[in-house]
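Novice: Fold the stuff below for me.
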Amino acid sequence: LDSTYKKNDVTIPDSVTSIPYAAFSTCTSLTEIVIPESVTSIDNYAFSDCTGVVNLTINGSCLTLSETAFSNCSSVENITIGANLKSEIDFNQFPNLKSITVSDENTIYKVEDGVVYSKDMTRLIKCLPCLGNVTFVIPDTVTTIEDKAFKNCESLIYVEFPDSLVSIGTEAFSYTSVKHLSLPESLTTLSQNSFSDCSCLFDVYVKGNITTCDSGAFTNSYLKTVVFKTTVDTIDYSFINAINYSYNKDINVIFEGPNYFTYTGDDAVIDKRTITSGNYYLDNNGVLYLLNSDNTASVVYVPLNLN
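Specialist: Now for the predicted structure:
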């Protein structure tokens with residue numbers, strides 16, 4: 001079928017097990033797609049550019065589901081997933097998505113208050129912007145926030161992270177309105193553009209050792225203050241580099257002390273002062289000291305607002 005097909009729906013027989021390459025591509029008149037339980041494979045671009053589709057129901061196991069199967073189905077608002085689906089769907093390819101319904105019998109997804117998680121609740125996969133969450137408390141089972149999970153949730157101002165959280169994915173909170181972040185001690189990874197284009201983000205509290213941080217994690221965010229809590233014993237170059245790549249170049253970095261920590265990675269600059277890899281530092285009431293080999297200390301950094 002192609003753009004010459006003018007009906008609003010099409011019935012796929014229960015005898016069909018595979019939907020081939022571009023089978024329904026550019027069928028723009030279609031408003032609903034129902035994949036029967038018999039389907040185990042959907043090939044590349046099978047339903048691509050079906051721009052009129054509003055409702056998508058997948059009842060088949062779809063053991064093989066191409067990432068491009070539903071590319072540019074830009075009008076999809078409602079997705080219903082049956083018990084049998086075995087492959088994950090990229091929900092981010094549907095910009096106008098308003099609801100996701102998942103069978104309780106499904107073994108890979110679970111939906112709580114409109115938010116999609118992995119079945120075991122360890123991965124937060126998608127929170128739809130249309131839910132309008134102003135605050136969001138992430139369950140204490142979650143270890144990973146997936147790519148683009150909260151992207152474009154412009155109403156989101158406050159998010160509470162659990163002590164179980166280990167990683168935050170690419171663009172996970174891009175274009176949200178979060179103002180303050182308290183990153184838990186368990187967090188080790190911030191991916192590319194995790195908090196990019198967060199124009200309201202001013203303060204970040206770091207409780208642990210973030211060992212992997214993309215330089216663009218805070219790109220185009222207006223950071224004013226970064227506080228390293230006393231629980232931090234290692235500060236990695238990648239996180240300092242990400243701070244320096246935010247929109248605001250006059251960031252006040254505060255070290256809560258007294259506390260010793262090791263700096264790792266390449267040399268970095270905080271407010272035009274260099275901190276050097278492999279050295280031990282002491283933070284005391286916000287002032288950062290380098291501990292010298294002769295047991296003396298040198299002042300390296302003084303916060304902008306220190307009285």
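Novice: Can you show me the helices along the protein?
Specialist: Using DSSP state H, the helices found in the chain span residues 237-244.
Novice: low-confidence ranges in it?
Specialist: Residues of the chain meeting the criterion pLDDT under 70: 1-7, 249, 257-260, 271-273, 285-286, 295, 304-307.
Novice: Tell me which residue is most central in it.
Specialist: With distances taken as C-alpha atoms, centre = their mean, residue 172 lies nearest the centre of the chain, 1.9 Å away.
Novice: Roughly how far does residue 245 sit from residue 192?
Specialist: Distance from residue 245 to residue 192, counting by C-beta to C-beta, to the nearest Å: 11 Å. Using the backbone N, CA and C atoms, a C-beta is placed for each residue, glycine as well.
Novice: Now the common contact residues for those two.
Specialist: 216, 217 (C-beta atoms under 8 Å, 6 or more residues apart in numbering).
Novice: which residues does the nearest residue to residue 100 once chain neighbours are set aside contact?
Specialist: Leaving out its chain neighbours, the residue that sits closest to residue 100 by C-beta to C-beta, 6 or more residues apart in numbering is residue 79, at 5.1 Å. Residue 79 is in contact with 56, 57, 58, 89, 91, 94, 97, 99, 100, 101, counting by C-beta under 8 Å, 6+ apart.
Novice: Let's see that with 10 Å instead.
Specialist: 55-58, 70, 89, 91, 94, 97-102, 116 (C-beta atoms under 10 Å, 6 or more residues apart in numbering).
Novice: Same check on residue 267?
Specialist: With C-beta under 10 Å, 6+ apart, residue 267 has these contacts: 237, 240, 274, 275, 276, 277, 278, 279.
Novice: farthest-separated two in those?
Specialist: Farthest pair in the contacts of residue 267 (C-beta to C-beta) is 240 and 278. Separation: 14.4 Å.
Novice: Which one's more surrounded, these two?
Specialist: Neighbour totals were compared for residue 240 and residue 278, and residue 240 leads with 22 against 9 (other C-beta atoms under 10 Å).
Novice: from memory that one sits against residue 269, does it?
Specialist: Yes. Assessed by C-beta atoms under 10 Å, residue 240 is found in contact with residue 269 at 7.8 Å.
Novice: Residue 301: neighbouring residues, count only.
Specialist: Residue 301: 22 surrounding residues under other C-beta under 10 Å.
Novice: Actually, residue 120.
Specialist: Residues lying near residue 120 (other C-beta under 10 Å) number 10.
Novice: Which residue comes closest to it once chain neighbours are left out?
Specialist: In space, residue 120 is closest to residue 141, 7.4 Å off (C-beta to C-beta, 6+ apart).
Novice: quick one, what contacts that neighbour?
Specialist: When contacts are counted by C-beta under 10 Å, 6+ apart, residue 141 touches 117, 118, 120, 121, 122, 123, 124, 162, 164.
Novice: residue boundaries of the strands in the stretch 51-200 of the chain?
Specialist: Under the criterion DSSP state E, counting those that start in this stretch, strands of the stretch 51-200 of the chain are mapped to 55-58, 64-65, 78-81, 99-102, 109-112, 115-118, 123-126, 135-137, 144-145, 158-160, 167-168, 180-183, 189-190.
Novice: Next, format those strands as TSV and append distance to residue 221.
Specialist: As requested, the strands of the stretch 51-200 of the chain are exported to TSV (distance: least, C-beta to C-beta, whole Å):
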stretch	distance to residue 221
strand 55-58	34
strand 64-65	35
strand 78-81	31
strand 99-102	28
strand 109-112	28
strand 115-118	23
strand 123-126	21
strand 135-137	18
strand 144-145	17
strand 158-160	14
strand 167-168	14
strand 180-183	10
strand 189-190	12
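Novice: out of those, nearest to residue 17?
Specialist: strand 64-65 (10.7 Å).
Novice: what packs against that closest one?
Specialist: Helices and strands in packing contact with strand 64-65 are listed as strand 41-42; criterion 3 or more C-beta pairs under 10 Å, 6 or more residues apart in numbering; DSSP states H and E.
Novice: And the contacts of the strand it packs on?
Specialist: Contact with strand 41-42 is made by 17-21, 23, 35, 58, 60-66, 68-70, 87, as judged by C-beta under 10 Å, 6+ apart.
Novice: List only buried entries from the contacts of residue 267.
Specialist: In the contacts of residue 267, burial by neighbour count holds for 237, 240, 275, 279, counting by 16 or more other C-beta atoms under 10 Å.
Novice: a markdown table for those, including distance to residue 9?
Specialist: A markdown table is the format used below for the buried ones among the contacts of residue 267 (distance: C-beta to C-beta, whole Å):
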| residue | distance to residue 9 |
| --- | --- |
| 237 | 56 |
| 240 | 56 |
| 275 | 63 |
| 279 | 67 |
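Novice: Show me which of these is closest to residue 302.
Specialist: Proximity of the buried ones among the contacts of residue 267 to residue 302 (C-beta to C-beta) peaks at residue 275, which lies at 13.3 Å.
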